[in-house]
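Enquirer: Give me a 3D structure for the following:
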Amino acid sequence: MLRKRLLAYIVDIFIVFIPMIIYTILLDINPRFFNFEVFMFLSYVPFGLIIFKDIIGNQSIGKRIFKLKVVTLQGQKPNVFQFIVRNILALIWPLEAFMLVILDKPRIGDLIARTKVVADNEDKDKGTV
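Expert: Residues are numbered from 1 along each chain as shown. Next up is the predicted model:
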């Protein structure tokens, strides 16, 4: 499951930063593309996307691709506050990565928000029609 979580995180980060990457490439091609308002917007949007990435369906795009979801320790859908706490702490990713990969412990965000990442088995629960 750790491998799936890491791959899902990589997908999420890539998606979040695509607009900034494209804008940077355009600036390399022609510096006249620089616009302070666009730059600020593209700087703050990733922050918001990271914080709210799991709210829809308990899954980010990366988690959806790798069939993972965020739940409370009791297996329920977390509330908005739990998602925000969990994902704000992901911004201190070196410590989070150390906890998850090296120590094989839950992320600090999961510990404080009282959440966990589990396999999403909803497809198995839905019968075929």
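
Enquirer: quick one: low-confidence ranges for the protein?
Expert: The chain contains residues with pLDDT under 70 at 103, 122-129.

Enquirer: just the strands in it please.
Expert: With DSSP state E, the ranges of strands along the chain come out as 68-72, 115-119.

Enquirer: how about a markdown table for these, with mean neighbour count and distance to Leu95 added?
Expert: From N, CA and C alone the C-beta is placed, and that goes for glycine too. Shown next, in a markdown table, are the strands of the chain (neighbours: other C-beta atoms under 10 Å; distance: least, C-beta to C-beta, whole Å):
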| stretch | mean neighbour count | distance to Leu95 |
| --- | --- | --- |
| strand 68-72 | 20 | 19 |
| strand 115-119 | 18 | 17 |
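
Enquirer: would you list these in TSV and tack on distance to Ile61?
Expert: As requested, those are exported to TSV (distance: least, C-beta to C-beta, whole Å):
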stretch	distance to Ile61
strand 68-72	11
strand 115-119	14
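
Enquirer: Out of these, which gets nearest to Arg86?
Expert: Distance to Arg86, taken as C-beta to C-beta, is lowest for strand 115-119 among those, at 5.4 Å.

Enquirer: Which neighbours in the sheet does the closest one have, and how are they oriented?
Expert: Here strand 115-119 is paired, per DSSP bridges, with strand 68-72 (antiparallel).

Enquirer: now the helices: where do they sit in the protein?
Expert: For the chain, the helices defined by DSSP state H occupy 2-29, 36-52, 61-65, 80-88, 93-97, 108-113, 122-125.
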